[in-house]
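Asks: Provided below for reference: sequence and predicted model.
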Amino acid sequence: MSSLSRELVFLILQFLEEEKFKETVHKLEQESGFFFNMKYFEEKALAGEWDEVEKYLSGFTKVDDNRYSMKIYFEIRKQKYLEALDRRDRAKAVEILVKDLKVFSTFNEELYKEITQLLTLENFRENEQLSKYGDTKSARSIMLVELKKLIEANPLFREKLVLPTLKASRLRTLINQSLNWQHQLCKNPRPNPDIKTLFTDHSCSPPNGARAPTPVTLPVAAVAKPSTYAPLGAHGGPFPPPPPAAAANANALAGWMASANPSSSVQSAIVAASASSLPVPQNQVSVLKHPRTASNMLGMIDYGSTDHEHLMKRLRTAQSVDEVTYPAPPQLASWSLDDLPRSVACTIHQGSSVTSMDFHPSLHTLLTVGCSNGEISLWEVSTLERLVSKPFKIWDMATCSVPFQASIVKESSISVSRVAWSPDGSLIGVAFTKHLVHLHAYQASNDLHPHLEIDAHVGGVNDLAFARPNKKLCVVTCGDDKLIKVWDLSGSRLFNFEGHEAPVYSVCPHQKENIQFIFSTAVDGKIKAWLYDNMGSRVDYDAPGQWCTTMLYSADGSRLFSCGTSKDGDSFLVEWNESEGKIKRTYSGFRKNSTGVVQFDTTRDRFLAVGDDSQIKFWDMDNTNILTTTEAEGGLPSLPRLRFNKEGNLLVVTTADNGFKVLANANGLRALRAKEARSYEASRTPLEMKVSNSAMGTSIGPAVSKVERVDSPARPTPILNGVEPMSRGIEKPRTLEDVSDKTKPWELTEIVDPAQCRTVTMPDNLDTASKVARLLYTNSGVGVLALGTNGIQKLWKWSRSEQNPSGKATASIVPQHWQPNSGLLMTNDVPDNSEDAVPCIALSKNDSYVMSACGGKVSLFNMMTFRVMTTFMPPPPAPTFLAFHPQDNNIIAIGMEDSAIHIYNVRVDEVKTKLKGHQKRITGLAFSTSLKILVSSGADAQLFFWNADDWEKIKSVALQLPAGKAPQGDTRVQFHSDQVRLLVCHETQLAVYDANKMERIRQWMPQEVLSSPISSAAYSCNSQLVYATFTDGNIAIFDADSLRLRCRIAPSAYISPALSNSQTVYPLVVTAHPQDANQLAVGLTDGSVKVIEPLEMERKLGLPVPVDNGTENGRTATSSTTNTSEQLQR
């Protein structure tokens, strides 16, 4: 259910309460699960109406949801049982014991036995623990005190115990506003309209054919026709069908419009409407008591919709699976101060004052910089290298306007006002302080060429951003001419938004569900909002400070912030409540009397950063007080500009001496070092090499290929384009020693002996009749979850100790085979002919539940109790792959045995749509959050790309298989952390695809010592490595960018010789630790699970190698030691 639909339920609750529909109020509370009325719950409990108590409670939680819920139900049923005993009603007590209390016996059998024994006592108060039990009334009061504590502590009741603050009769007010809107559009508006019904749109009939004067002077062009308004319910699902353009207009900014202040240029009676703004005759009042609202009114739901009725019937608190969570232990805090990039990694001298910066969306160390002299530069901050420098140049003066030509002749100086990357990283947009916008096309590290020059605005172009109206990439600009313009990539102007009365300072395009819009701010402090139409501004607000303001959304698009400064120098950072168009919170901690405009940025859906008072100030989004500050070791200007990279592990900030600093957290420092080391090794030219041919044979020797370097000159200190060597944050210049074993910089590592790595085998897991088919780490990194071909799931957990203070998975300590006290196993529904069953599994983001299947129905297990919460999708066909939608855990993509993909909504137990195109069963599914696509792979060796908004097919791609190989075999897919590159694993190859272009960019095929079929592959957690397993027991570790082999782990290093001699044992599946990039786990055909990691002294598995055995653009590049025609053909 969308947030607006949820708010509508609260409005209905308020209306029902005001109209004294008491029973209906509580029924809606229970059915919606949005508000738990503690007062009503207490009344029913004190009255002993236990059936109503449990019925009301069931709308919010069930017995086995978590330990708090279990305790709540137990206390209620225990009290009911004791009251029956106190009344001497033994028959009722036995009934309660068997029907209500029996469920708790599986969790605490001793307690259940003790409760049962109370039946044998003449008076249960003879039991020592119940000796102080008083009368029924006092016992109920004591129980309620305990229940209130449990309910308040239960995470399922979080934010459900307090109603939102609403003005009286809010629903009536909104209906009146809607009626007023309709009245403005009447062809013959009358001064005192007679509202007779809400079932149809209001329309005034002309008196005697004459037209009455219109009481409101709102331009019709500024309002979308109400008859096309879409109901809120239309946007309730995560991926609704695209609404008509006019329908989108109605709801995009409904909350902002409902409470917006009247503009100085448009006096809108709509906005000022209140409950008494329109005369309400008696017949309307009667309708309001029992409203059946028309679907075309602004902000109203079409109650006649069967979809809506079905949704409301099925809706429960547990429907939102993400809310079924448990209190996280302290060590699993979601963030800490260490997550903030505060350590200075390097200082770079640009040479001119830096005015704007932006990181590439997926190449997280690639930075574009704009300067006050009109120059733009491209920096690889990990190597301190300026890749490209482009001084300002007019590309085609003849096409420029006369005013611009005149201004540039009069004053030739020009500055960059904004640089920005396009969402796919293929374009750089540059806005200048005079008229122009440049678009540069980026294809490679030093390849930046002109794409488009636009004479965009008269005067300065103050801001630039990219957007995708109608799914086509466009450029949004604003300028001193008070206009906002939208351009396509050919330079054609698509929209021209007029309405600001001062130069426009910034633009913020955004999309909410299927509705696209633009926020703009002007230097007079006005905020306006625009849809991609010609209907004018939808919002007119005053920004705090009423001067220059910038607006930004959080990374997930759910929270809106603005930051700016007044003419008096007072700065403001606020969060907006979009649904009401009001300021939600104002952050404190700014210096008074700033001499310019403060700049800000957001990261990780958690932090805000502002450059102020020669330092960087950080806030937690949920706390108005400053979290921490840093001066970045000094040298910052009074109001530094700043920018996070997309991962949030790097922060770039301008310096006072025409340069910038790169700040990093621990992950950022590691990424910088690793990237620089790879670049350094790739650039080194060996003076002389000796190649050991002995390793090229078919037998497994001590190394796959051994390259001995005769001379290894020391690395010179980098002095590039005025760059200072990294000091401060990294105390010494970073060298290869930070990443690998300095004694063997070119050696291809091979691990053949158990002493060369650390391995731990999961205890209690040897079931040779069952193979480990699927394997996952828990998202917290403290456990491993395995699904066997017999349909049974097993969980192993590591705990905190002196040897393992983090409590994370490690190969140094044997984990515990974890089970609840009940001894339950997570057992899937398995058919009789289970040999052909395909196991599949998916884990929720908070580790609270797991979904799996093994040839039968899909089961949803509670990870705390191992109980089955629900089952769905009974075969045929059987599910073969499961994937949660990344933004909504209630939406699941289910690959089926019959080659279809079902998009299933857990919330309403309904298949929303079926995707068809594959020829054989589905073997892999992966979502990209940035591209908003779903990629599917099948046993037909094909990839399909689907639009995750409307579920339409975009493209299909067949894998290029070796000659004579039939298109069959499992194909798995996984997205790189940049959400653009896609790893594809097939028994014949590893491949990397650019999912944005839907083209293959790398390929590796089994060869030489790694010639067996590939059984599984996975990215490491930082996506810098690819782990792959083979059917002969080998494990290979590749560089993720080039697919170059870095390390081979032979089966002799981790499989017992006794096992490998008696049977063919090899890994069926590999998975990577979610936080440790050098730890992997494998599930074997003998039913065992092993965790493997390097020795402490090695620190990493495998080193970079000089040979390129990857494939670029579809052509195979072979090892430097062999060059056979067979390999070239492959």
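Replies: Ah, there it is. Numbers count the residues shown, from 1 in each chain.

Asks: domains of the protein?
Replies: Domain assignment of the chain by the TED database yields the ranges 36-157, 343-676, 750-1098.

Asks: now render those as a markdown table, adding distance to Phe199 and mean pLDDT.
Replies: Yep, even glycine has a C-beta here, placed from its N, CA and C like the rest. Putting the domains of the chain into a markdown table (distance: least, CB to CB, whole Å; pLDDT from 0 to 100) gives the following:
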| stretch | distance to Phe199 | mean pLDDT |
| --- | --- | --- |
| domain 36-157 | 31 | 89 |
| domain 343-676 | 27 | 91 |
| domain 750-1098 | 27 | 90 |
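
Asks: would you list these in JSON lines and tack on distance to Glu19 and mean neighbour count?
Replies: Converted to JSON lines, those look like this (distance: least, CB to CB, whole Å; neighbours: other CB atoms under 10 Å):
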{"stretch": "domain 36-157", "distance to Glu19": "17", "mean neighbour count": "16"}
{"stretch": "domain 343-676", "distance to Glu19": "24", "mean neighbour count": "19"}
{"stretch": "domain 750-1098", "distance to Glu19": "29", "mean neighbour count": "19"}
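
Asks: how about those domains, which one is nearest His183?
Replies: The minimum distance between His183 and these falls on domain 343-676, with 18.4 Å, by CB to CB.

Asks: hmm, back to that, a markdown table please, covering the domains of the chain and showing distance to Asp194.
Replies: Below are these laid out as a markdown table (distance: least, CB to CB, whole Å):
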| stretch | distance to Asp194 |
| --- | --- |
| domain 36-157 | 39 |
| domain 343-676 | 29 |
| domain 750-1098 | 41 |
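
Asks: of these, which approaches Leu166 most closely?
Replies: Ranking the domains of the chain by proximity to Leu166 (CB to CB) places domain 343-676 first, at 10.3 Å.

Asks: how far away from the center of its chain is stretch 596-616?
Replies: Here stretch 596-616 is found 22 Å from its chain centre; the criterion is CA atoms, centre = their mean, to the nearest Å.

Asks: before we move on, what about stretch 657-664?
Replies: Distance of stretch 657-664 from its chain centroid, counting by CA atoms, centre = their mean, is 29 Å.

Asks: export that stretch to CSV, keeping only CA atoms.
Replies: Output of stretch 657-664 as CSV, limited to C-alpha atoms (Å, rounded to 0.1, in the frame of the first residue of the first chain):
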residue,chain,number,x,y,z
ASP,A,657,44.4,26.9,-2.7
ASN,A,658,42.7,25.9,-5.9
GLY,A,659,42.5,22.2,-5.3
PHE,A,660,40.5,19.5,-3.5
LYS,A,661,41.0,16.7,-1.0
VAL,A,662,39.6,13.2,-1.1
LEU,A,663,38.4,11.9,2.3
ALA,A,664,37.7,8.2,2.8
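
Asks: between the domains of the chain, which one is nearest to Leu185?
Replies: domain 343-676 (12.8 Å).

Asks: circling back: so which of the domains of the chain is nearest Pro193?
Replies: Across those, the minimum distance to Pro193, taken as CB to CB, is reached by domain 343-676, at 24.0 Å.

Asks: follow-up on the earlier one: for Gln30, find the nearest of the domains of the chain.
Replies: Ranking those by their distance to Gln30 (criterion: CB to CB) puts domain 36-157 first, at 3.5 Å.

Asks: for that closest one, measure first residue to last.
Replies: 8 Å (CA to CA, to the nearest Å).

Asks: likewise stretch 119-132?
Replies: Taking CA to CA, the first and last residues of stretch 119-132 lie 18 Å apart.
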